[in-house]
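>>> Return atomic coordinates for the entry below.
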Amino acid sequence: MMSARVRLQDHSLFGTQRGGLMHRHTARHIRLRSGLRVCSGILQYLKDPTISPILTSTLIAAGTVSFNLVAGLVTEKKRADLTLEVEQQRTFAKAQQELQSLTARYRGPLLEAVVDLENRIWHLANATSEWQNSEGDVAEEEVMYTLFNLAQFLGFVEVVRREGPREDAFLQAGNPQGSDTLATLVEGLRFVMSAASGNLVDWGDVSETRDHPGSRTRRTGEDLIEWTPIQQYQLKVDDQLRVPRGAQRAIGATMLITPSGSDRHYTMDFAVFCDKYNNDASFAHWLKQPHDDIIKLATGATWKGQGPFPMGRWSRVLLLQQLLIDAVDLLDPSFVRVPKARRTRLMPVQYGPLPALSEYQRKLRRLARSSTFGEYSSILSDVSKWSRSVSSIDEAQLEAMRRQNNSRSRNSQGNGAHKDASHNKAALESRRD
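Predicted coordinates for the structure are as follows:
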């Protein structure tokens, strides 16, 4: 009895499972047959000769619109890229024009003044025969010419001081010293000429690495309390050719004969300088001490090859000569004006480098390769023409493709109409038959 019940339950469960499986198969067949009916209806709809040309024309029109939209976006992107490139070229050309204007204003004249003054100092230290007249005395003309070159150099240093803050093209961002390369060098020259002998000793007569004289580290409050200038050392040193900062500014300003902001600056020539020195007491006042120091250097103990330190009568001259050669290296990196053989330092001392020196020289070399702004204008013009030609080519190509697509659309519509006419004609003939 028990086994019969189990068999009955098994048969009942099997029947239920079999019924569910058949139901699922039936539903699947219904969905499949419905899909086939829909597809068959679509195919019958597409076979209709009056619908096919319309559908084809619609698809072609949609494709043409999509193509025109995509092509328009591509063209606008290309135009934007070309506009950006042209603007970058225009900015570059403007920067080069500013760079050339500024360098023409004082870099070239400053280089010439540096070369002339270094040449006089070299001959002064080496006691060449040109310093003596026929009677064996110091030739006043040589003294005056050396003084003139010193004053001319200070004149162009004054130009750098006035025009330098507007030298945007040469500013170096991120320098450890926080200053411009050329301004650092000029400050070093000013310091060597103006510093008291004790301050020069404190900077240079050390065993550790020196800062560049133009980027010296200022003392803190505690250091200033503990530090005392070597005043007694100054009294014992035969210090020559010291020109205080105020005198440097005064001499430089009186040497200039062009106003600030001029396209190019000039100083008075040698003849006018000599006449003004002999006849203008206010002008000669600032130059009297350097004039006497040059005579003392030319007539006193000659230079015997000693270095700047320990401090002596030739220390300031030797340091100034070294910095002037540094200025030649900075302003003439390609050896155009001064050959390498004429860049000898008499007795060099080691100090820190100028900030961003290689970058500054790289800009000058690039400027030397393109000497006129006309070249940059030509480059800019070529870029503008190229951008316009590329834009016109793109538009011409796009227009041709649009015409081709429109032609295809018209041909498709024409073929569809032709097929419709043929089909209608065949239908009429069959009806007649």
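>>> could you pull out the helices for the stretch 251-400 of the chain?
Taking DSSP state H, counting those that start in this stretch as the criterion, the stretch 251-400 of the chain carries its helices at 270-279, 281-299, 315-331, 357-369, 373-432.
>>> Now do the second one and helix 315-331, the angle between them.
With axes from the mean of the first three to the mean of the last three Cα atoms, to 10 degrees as the basis, helix 281-299 and helix 315-331 are set at 100 degrees to each other.
>>> could you dump stretch 146-163 to PDB, C-alpha only?
This file holds the C-alpha atoms of stretch 146-163, laid out as PDB (Å, rounded to 0.1, in the frame of the first residue of the first chain):
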ATOM      1  CA  THR A 146      91.000 105.200 -19.900                       C
ATOM      2  CA  LEU A 147      88.900 107.600 -17.800                       C
ATOM      3  CA  PHE A 148      86.600 108.100 -20.800                       C
ATOM      4  CA  ASN A 149      86.100 104.400 -21.200                       C
ATOM      5  CA  LEU A 150      85.300 104.000 -17.500                       C
ATOM      6  CA  ALA A 151      82.800 106.800 -17.700                       C
ATOM      7  CA  GLN A 152      81.300 105.400 -20.900                       C
ATOM      8  CA  PHE A 153      80.900 102.000 -19.300                       C
ATOM      9  CA  LEU A 154      79.100 103.600 -16.300                       C
ATOM     10  CA  GLY A 155      76.900 105.400 -18.800                       C
ATOM     11  CA  PHE A 156      75.600 102.200 -20.300                       C
ATOM     12  CA  VAL A 157      75.400 100.600 -16.800                       C
ATOM     13  CA  GLU A 158      73.000 103.500 -16.000                       C
ATOM     14  CA  VAL A 159      71.000 102.600 -19.100                       C
ATOM     15  CA  VAL A 160      70.700  99.000 -17.800                       C
ATOM     16  CA  ARG A 161      69.500 100.300 -14.400                       C
ATOM     17  CA  ARG A 162      66.800 102.500 -16.100                       C
ATOM     18  CA  GLU A 163      65.700 100.100 -18.800                       C
END
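>>> All further residue positions should be reported with the first residue as 608.
I'll keep to 608 as the first residue from here, and by that count the last item is stretch 753-770.
>>> for the record, mean pLDDT for that stretch?
Mean per-residue pLDDT for stretch 753-770: 92.
>>> tell me which residues in that stretch are buried?
Residues of stretch 753-770 classed as buried: 753-770 (neighbour count, 16 or more other Cβ atoms under 10 Å). Just so you know, the C-beta spots here come from the backbone N, C-alpha and C atoms, and that holds for glycine as well.
>>> what does stretch 722-732 give?
Neighbour counts over stretch 722-732 (16+ other Cβ under 10 Å) mark 722, 723, 724, 725, 727, 728, 729, 730, 731, 732 as buried.
>>> again, but for stretch 915-925
In terms of neighbour count (16+ other Cβ under 10 Å), stretch 915-925 has its buried residues at 915, 916, 918, 919, 920, 921, 922, 923, 924, 925.
>>> I'd like to know which of those is nearest to residue 895.
residue 923 (17.6 Å; Cβ to Cβ).
>>> so what's the closest one up against?
By Cβ atoms under 8 Å, 6 or more residues apart in numbering, the contact list for residue 923 reads 799, 800, 807, 846, 847, 848, 849, 915.
>>> And for the fourth one, the neighbour number?
So that's residue 846. 19 (other Cβ atoms under 10 Å).
>>> Dihedrals phi and psi, it?
phi -90, psi 120 (degrees, to the nearest 10).
>>> Give me the phi and psi angles of the nearest residue to it once chain neighbours are set aside.
Spatial nearest neighbour of residue 846, excluding adjacent residues (Cβ to Cβ, 6 or more residues apart in numbering): residue 804 at 4.5 Å. Main-chain torsions, residue 804, degrees, to the nearest 10: phi -60, psi -40.
>>> Go ahead and confirm residue 804 touches residue 844.
Yes: with contacts counted by Cβ atoms under 8 Å, residue 804 reaches residue 844, the gap being 4.7 Å.
>>> if I look at the two, which residues touch both of them?
With Cβ under 8 Å, 6+ apart as the test, residue 804 and residue 844 both reach residue 918.
>>> Low-confidence bits of the stretch 858-1007 of the chain, can you list those?
Within the stretch 858-1007 of the chain, the stretches with pLDDT under 70 are 974-1007.
>>> Likewise for the stretch 658-807 of the chain?
In the stretch 658-807 of the chain, residues with pLDDT under 70: 658-681, 699-713, 771-786.
>>> just so I have it, where are all the helices in it?
Under DSSP H, counting those that start in this stretch, the stretch 658-807 of the chain gives helices at 659-709, 715-732, 747-770, 788-801, 804-811.
>>> Relative to residue 876, which of those is closest?
Going by Cβ to Cβ, the one of those nearest residue 876 is helix 747-770, 8.9 Å.
>>> Report the angle between that closest one and helix 888-906.
120 degrees.
>>> Export the buried residues of stretch 722-732 to CSV and append columns for distance to residue 743.
Formatted as CSV, those follow (distance: Cβ to Cβ, whole Å):
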residue, distance to residue 743
722, 30
723, 26
724, 26
725, 27
727, 21
728, 23
729, 22
730, 17
731, 17
732, 20
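>>> if I read this right, residue 922 contacts residue 807, doesn't it?
Yes: with contact defined as Cβ under 8 Å, residue 922 reaches residue 807; the gap is 6.7 Å.
>>> Near residue 914, how many other residues are there?
15.
>>> Considering the contacts of residue 923, which possesses the most neighbours?
Result: residue 799 is most packed of these (other Cβ under 10 Å), 27 neighbours.
>>> right, and it touches residue 926 too?
Yes: with contact defined as Cβ under 8 Å, residue 799 counts as touching residue 926 (4.6 Å).
>>> Residues that sit against both of the two, list them.
807, 820.
>>> before we move on, back to that, and residue 870, which of the helices of the stretch 658-807 of the chain is closest to it?
Once the helices of the stretch 658-807 of the chain are compared by Cβ to Cβ, helix 659-709 is nearest, at 7.0 Å.
>>> Mean confidence (pLDDT) on stretch 822-829, please.
The predicted model assigns stretch 822-829 a mean pLDDT of 74.
>>> related to what we said a few turns ago, okay if I get the helices of the stretch 658-807 of the chain as a markdown table plus distance to residue 881?
Below are those laid out as a markdown table (distance: least, Cβ to Cβ, whole Å):
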| stretch | distance to residue 881 |
| --- | --- |
| helix 659-709 | 31 |
| helix 715-732 | 15 |
| helix 747-770 | 6 |
| helix 788-801 | 22 |
| helix 804-811 | 31 |
